[in-house]
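# heads up, no residue letters with this:
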């Protein structure tokens, strides 16, 4: 149970929310994001992240403010709307967006649910299966929940399974998110490749030739590696882009950290697809009316 001092801190910060947001708006902040996740009776609320700011303002100064008192106020507000116990059991995860251009706060939340399915089998006296009844296997909506839970088993590194399969030459990558000024003079979050490690020197040379990195493009430049791996269409089956011409959407907590290649990405991917296919095979797509 939270202490009286902790509850008092949350209540005071909640009361100061409007003035803090007004100050951040004056400093040029447009949208601020806070994410949180809970699991196994444990959880964490990530520090506030500046997503966009108005033209002409110093994003670093705003981020510095978010690391101090104003940031604590926003976190306290998130604690306030979540209430106690949000991290218990399978936990809640979500995002809170402070949009200072519309003076609104949007809270999106997901809850992972553990289901208990009922199954009933009837056999003849010879031991032959006569009939089988279940309350969920033939339900498409519940099947989607199962598939969602299967996908949630995998971390950011495993979300990149298709990437690891396509590029066996790469041992690890690091992706970071920085602020960049757009064509209209505003600031937006922008992902960049900050490090890449290959299986060996020969693998690097092989991949450089496969991606057709020209002499004009320095193959040691991380910018061109990022463009070639995630944005350019070269090297992709049937000329399709793996991540729709963008960097992969990975969790903020993994940004800036080394994402390592699994020992056998093809096997992990195969097992994942098998689990999903098993769920789909059990669904009655055209239930009787």
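Great, that's in hand. Remember, it's a predicted structure, so these values are computed and weren't measured experimentally.
# beyond the lowest-mean-pLDDT helix or strand in the chain, next helix or strand please.
The element with the least model confidence among the helices and strands of the chain, by mean pLDDT, DSSP states H and E, is helix 4-15, at a mean of 56. Sequence-wise, the next helix or strand downstream of helix 4-15 (DSSP states H and E) is helix 17-26.
# any idea of the mean pLDDT in the helix or strand following that next one?
With elements assigned by DSSP H and E, the helix or strand that comes after helix 17-26 is strand 29-39. Mean pLDDT, computed over strand 29-39, is 88.
# after strand 29-39, which helix or strand is next?
Remark: after strand 29-39, the chain's next helix or strand is strand 42-45, criterion DSSP H and E.
# next, the buried residues of that following strand.
Across strand 42-45, burial judged by 16 or more other Cβ atoms under 10 Å covers 43, 45. C-betas here are computed from N, CA, C, even on glycine.
# before we move on, what about stretch 47-63?
For stretch 47-63, a neighbour-count test (16+ other Cβ under 10 Å) marks 48-53, 57, 59, 62-63 as buried.
# repeat that for stretch 160-174.
For stretch 160-174, burial by neighbour count (16+ other Cβ under 10 Å) applies to 160-161, 163-167, 169-171, 173-174.
# now the end-to-end length of that stretch.
Criterion Cα to Cα, to the nearest Å; first-to-last residue distance in stretch 160-174 is 12 Å.
# let's see which of the buried residues of stretch 160-174 end up in strands.
Judged by DSSP state E, the buried residues of stretch 160-174 include 170-171, 173-174 as members of strands.
# okay, and for the stretch 1-150 of the chain, where does confidence drop off?
Where the stretch 1-150 of the chain drops to pLDDT under 70, the residues are 1-15, 40-41, 89-91, 111-142, 145, 149-150.
# what are the boundaries of the helices in it?
With DSSP state H, counting those that start in this stretch as the criterion, the stretch 1-150 of the chain has helices at 4-15, 17-26, 59-66, 69-82, 140-152.
# helices of the stretch 151-289 of the chain, start to end?
Along the stretch 151-289 of the chain, counting by DSSP H, counting those that start in this stretch, helices occupy 156-159, 161-166, 201-210, 222-226, 265-281.
# other SSEs contacting the second one?
Put plainly, it is helix 161-166. helix 265-281 (3 or more Cβ pairs under 8 Å, 6 or more residues apart in numbering; DSSP states H and E).
# packing partners of the helix it packs on?
For helix 265-281, the elements it packs on are helix 140-152, helix 161-166, judged by 3+ Cβ pairs under 8 Å, 6+ apart.
# show me what counts as buried in it.
Using 16+ other Cβ under 10 Å as the test for burial, helix 265-281 gives 265, 268-269, 272, 275, 279.
# does residue 21 touch residue 99 like I think?
No - taking contacts as Cβ atoms under 8 Å, residue 21 lies outside contact range of residue 99: 10.0 Å.
# looking at these two, which has the bigger crowd around it?
Shown here are residue 21 and residue 99; by other Cβ atoms under 10 Å, residue 21 has more neighbours (21 against 16).
# any idea how far residue 103 is from the more buried one?
Look at residue 21 and residue 103: by Cβ to Cβ, to the nearest Å, they are 8 Å apart.
# same question, residue 263
From residue 263 across to residue 103, the span is 50 Å (Cβ to Cβ).
# and the two? which has more neighbours close in?
Neighbour totals were compared for residue 263 and residue 103, and residue 103 leads with 11 against 7 (other Cβ under 10 Å).
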